[in-house]
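Novice: next come a sequence and a model predicted from it.
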Amino acid sequence: MEFLYKATTPKNVVEKGKMYALNRMAALTILKKKGYKQITVDAFHPNALDSFLNGLNSGLRLKDLIVFSNQFAVMLESGIPLLQTLDLLISQQKNINFKHALEDIKFRVESGSTFSNALAVYPRYFNELYVSMVKAGEISGALDKAFREIVGYLERSAKLRSQIKSATVYPVIVIVAAIGIVALLLVKVIPTFAEQFANSGQELPGLTVMVILISAIIKKYILQIIGVVATFIALIVYIRRTPEGKRATDRILMRIPITGDLIIKLAISRFSFTMSTMLSSGVSLLDALEICAKSSGNVEIQTFIKSVKDKVARGSGVSSAMENGIFPNLVVSMVAIGEQTGGIDASLQKVGAIYEDEVDTSVKNIMGLIQPALIMGIGGIVGIIVIAMYLPIFDAASTLE
């Protein structure tokens, strides 16, 4: 829960603020342990604007989570106790919401909760995979090793995310810029030419008439066009948020030759690294498969991984459960080798590295195809508009001759 508090600090300064705690008594305990006096604590009931702004500021960037996890791993490896580690990291936090969450986590641990259970209260910061790896580290008595594995996994996730961004951001920026340029030409420049042609009484070529007509329609109905486009985008977003819509769009994306190949390679890389990390941290095979399915990000792949888990639960081997599915034979063969040698985690680590390189290569190939295609497309559209406007001028010049 979120609370508003007012208290006097050990330096006799009155402080007001918001904090997270299990309940009002827990909030009071946290503030008293910090040496605060004359404390008043009330439940916080946000209005619509507060909820919106809190939602914008409540998240934690992946790179910040990597820094936090790395610092945690270093301190644990140095022999610093868990509660002292939390104290040190809380004092360094600049993200207020995350800082209050860590304070509540520390309070829960002090109250007898396990560290993993305390982390699980804040899924927006620590997902199921993170919590499961910490839990496995607690059980095995190797929490420092678990955090080192978490850091490695998060760094690989950040690299994959960067590769995805590099494949999507550039085309989006270019397309938006192109739409802006073409819209400016059609709404501002073409009407000027159209007025001059109308005053001259000259008979216009068909291409020029078509471009002027398109310009007039766009200028007249610009707000309606923007509304239709915005409605279409909102509809796509809404459909993606429904289970049936997400399944349908995921299926379509996987059937497109270029995007489908990249999606599968990304899924294999993510699955392999996630499974390898969890298995090496002591997470059970079935739990690891369940978490991999939930974190796949694609309904088709999630369904496939769940089917693998169900077959394994009934006594099948992992490799045989993967046969005739989405993943290629190389993955199945590597997992089979890992099963035979007793090192599935090591085999999956190698598979992840192979497909990480494949993703990098695919992204570069896609960019190599998209860049010239975009340049040619934009150049073609602008070229047609320019030619359409200058054709009447060339016709007039030839008539004078």
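Specialist: Great, that's in hand. Just so it is clear, the structure is predicted and the values come from calculations on it, not from any experiment.
Novice: if you count neighbours, what's buried in stretch 144-155?
Specialist: D144, K145, A146, F147, R148, E149, I150, V151, G152, Y153, L154 (16 or more other C-beta atoms under 10 Å). For every residue, glycine as well, the C-beta is placed using N, CA and C.
Novice: list of residues touching it?
Specialist: With contacts defined as C-beta atoms under 8 Å, 6 or more residues apart in numbering, stretch 144-155 is touched by 62, 65-66, 69-70, 72-73, 76-77, 129-130, 133-134, 136-138, 140, 273-274, 277, 280-282.
Novice: buried among the residues you listed? Need that as a selection in ChimeraX.
Specialist: Burial among the contacts of stretch 144-155 is assessed by 16+ other C-beta under 10 Å; the matching ChimeraX selection reads:
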select :65,66,69,70,72,73,76,129,130,133,134,136,137,138,273,274,277,280,281,282
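Novice: ok so, going back, mind checking which of the buried residues of stretch 144-155 are in strands?
Specialist: Residues of these located in strands (DSSP state E): none.
Novice: which ones among the contacts of stretch 144-155 lie within helices?
Specialist: The helices, defined by DSSP state H, take in 62, 65-66, 69-70, 72-73, 76-77, 129-130, 133-134, 136-138, 140, 273-274, 277, 280-281 from these.
Novice: where does the stretch 51-200 of the chain dip in pLDDT?
Specialist: Scanning the stretch 51-200 of the chain with the threshold set as pLDDT under 70 gives 51-59.
Novice: now the helices: where do they sit in it?
Specialist: 62-77, 82-92, 96-110, 115-120, 128-140, 143-184, 190-200 (DSSP state H, counting those that start in this stretch).
Novice: got the buried residues for the second one?
Specialist: Okay, so that is helix 82-92. Here helix 82-92 shows T85, L86, L89, I90 as buried, counting by 16+ other C-beta under 10 Å.
Novice: pull the residues that contact it.
Specialist: Contact with helix 82-92 is made by 68, 71-72, 75-76, 80, 99, 102-103, 105-106, 109-110, 115, 143, as judged by C-beta under 8 Å, 6+ apart.
Novice: ok, now which ones touch the spatially most central residue of the chain?
Specialist: Nearest residue to the geometric centre of the chain (C-alpha atoms, centre = their mean): R161, 7.2 Å. Going by C-beta under 8 Å, 6+ apart, R161 touches L62.
Novice: mind checking how far it is from E358?
Specialist: To E358, R161 is 16 Å away according to C-beta to C-beta, to the nearest Å.
Novice: and S132, by the same measure?
Specialist: On the measure of C-beta to C-beta, S132 and E358 end up 27 Å apart.
Novice: out of the buried residues of helix 82-92, which is nearest to V189?
Specialist: Among the buried residues of helix 82-92, L89 lies closest to V189 (C-beta to C-beta), at 57.2 Å.
Novice: what residues go with each domain of this protein?
Specialist: The chain breaks down by automatic domain parsing into domains covering 2-56, 60-155, 160-401.
Novice: ok, the nearest residue to I337 once chain neighbours are set aside - how many residues close by?
Specialist: Excluding the flanking residues, the one nearest I337 by C-beta to C-beta, 6 or more residues apart in numbering is S347, at 5.6 Å. S347 is flanked by 23 other residues according to other C-beta atoms under 10 Å.
Novice: Y36 touches T8, doesn't it?
Specialist: Yes - the criterion here is C-beta atoms under 8 Å, and Y36 meets it with T8 at 6.5 Å.
Novice: give me the common contacts of the two.
Specialist: E15.
Novice: thinking again about what came up before, now a ChimeraX select for only the buried ones of the contacts of helix 82-92.
Specialist: Typed into ChimeraX, the next command selects the buried ones out of the contacts of helix 82-92 (criterion: 16+ other C-beta under 10 Å):
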select :68,71,72,75,76,80,99,102,103,105,106,109,115,143
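Novice: which two of the contacts of helix 82-92 have the greatest separation?
Specialist: Farthest pair in the contacts of helix 82-92, by C-beta to C-beta: K99 and L143, 21.5 Å.
Novice: other SSEs contacting the strand or helix carrying A234?
Specialist: Here A234, judged by DSSP states H and E, is contained in helix 222-241. Packing partners of helix 222-241 (3 or more C-beta pairs under 8 Å, 6 or more residues apart in numbering; DSSP states H and E): helix 243-255.
Novice: give me that answer again for 10 Å
Specialist: Identification of packing neighbours for helix 222-241 by 3 or more C-beta pairs under 10 Å, 6 or more residues apart in numbering; DSSP states H and E yields helix 143-184, helix 243-255.
Novice: need the ones you listed in CSV with distance to L235, can you?
Specialist: What follows is those, written out as CSV (distance: least, C-beta to C-beta, whole Å):
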stretch, distance to L235
helix 143-184, 19
helix 243-255, 10
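Novice: out of these, deepest packed?
Specialist: Of the helices and strands packed on helix 222-241, the one with the most neighbours on average (mean count of other C-beta atoms under 10 Å) is helix 143-184, at a mean of 16.
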